[in-house]
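**Q** Here is my input, please return the structure:
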Amino acid sequence: MLDDVGEIAETVVKASLRVDDPVAVAEQLSRALGHGVAAAASGPEDVDVNAPGHHKATGLARLLDRWGVDWADVVAVGDNHNDLEMLDAAGLAVAMANARSEVKDAADRVAPANAADGVLEVLDELFPAHDRAR
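**A** Modelled structure (predicted):
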């Protein structure tokens, strides 16, 4: 938490807000800010406000480029609106059972909820235990 954004030496590409209705606030902010600024619900009481061209997929793209990995080899897991660009770009898009309906619609498959170790189940499917022992 910062009292003054000017304290940051780097360029600010994302701010997070704590609100009562993140979907409604994100929609209002996106309309009001315009100019490519995107706001997306990111948690039960959270909204991410991203600078133009910045979101999870752009950050991940930088890593993929650095590591020489293709998007087709990416498994992305998400549960909220701030995951949509990343899920859209990934080779395999997985939504959690507790995800918002738009996220489930964008996914290739739905995993059990976070509380039911859904990510672990997907990883166990993709990387069976006998392969991990090597």
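
**Q** pLDDT of stretch 108-122, averaged?
**A** The pLDDT scores in stretch 108-122 average 94.

**Q** Name the residues that touch it?
**A** Contacts to stretch 108-122, defined as Cβ atoms under 8 Å, 6 or more residues apart in numbering, come from residues 75, 77, 79, 92, 93, 94, 95, 96, 97, 98, 99, 104. From N, CA and C alone the C-beta is placed, and that goes for glycine too.

**Q** For the residue nearest in space to the middle of the chain, list the residues it contacts.
**A** Nearest residue to the geometric centre of the chain (Cα atoms, centre = their mean): residue 83, 2.7 Å. Shown in contact with residue 83 (Cβ under 8 Å, 6+ apart): 56, 76, 77, 103.

**Q** likewise residue 72?
**A** residue 91 are the contacts of residue 72 under Cβ under 8 Å, 6+ apart.

**Q** Convert the C-alpha atoms of stretch 37-48 to CSV, please.
**A** The C-alpha coordinates for stretch 37-48 follow below in CSV (Å, rounded to 0.1, in the frame of the first residue of the first chain):
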residue,chain,number,x,y,z
VAL,A,37,-7.1,1.7,-19.8
ALA,A,38,-8.7,-1.6,-18.8
ALA,A,39,-10.3,-2.4,-15.4
ALA,A,40,-11.2,-6.0,-14.5
ALA,A,41,-12.6,-7.8,-11.5
SER,A,42,-9.7,-9.7,-9.9
GLY,A,43,-11.1,-11.0,-6.7
PRO,A,44,-14.3,-11.0,-4.5
GLU,A,45,-13.6,-7.4,-3.6
ASP,A,46,-10.8,-6.4,-6.0
VAL,A,47,-10.5,-4.6,-9.2
ASP,A,48,-7.3,-4.3,-11.3
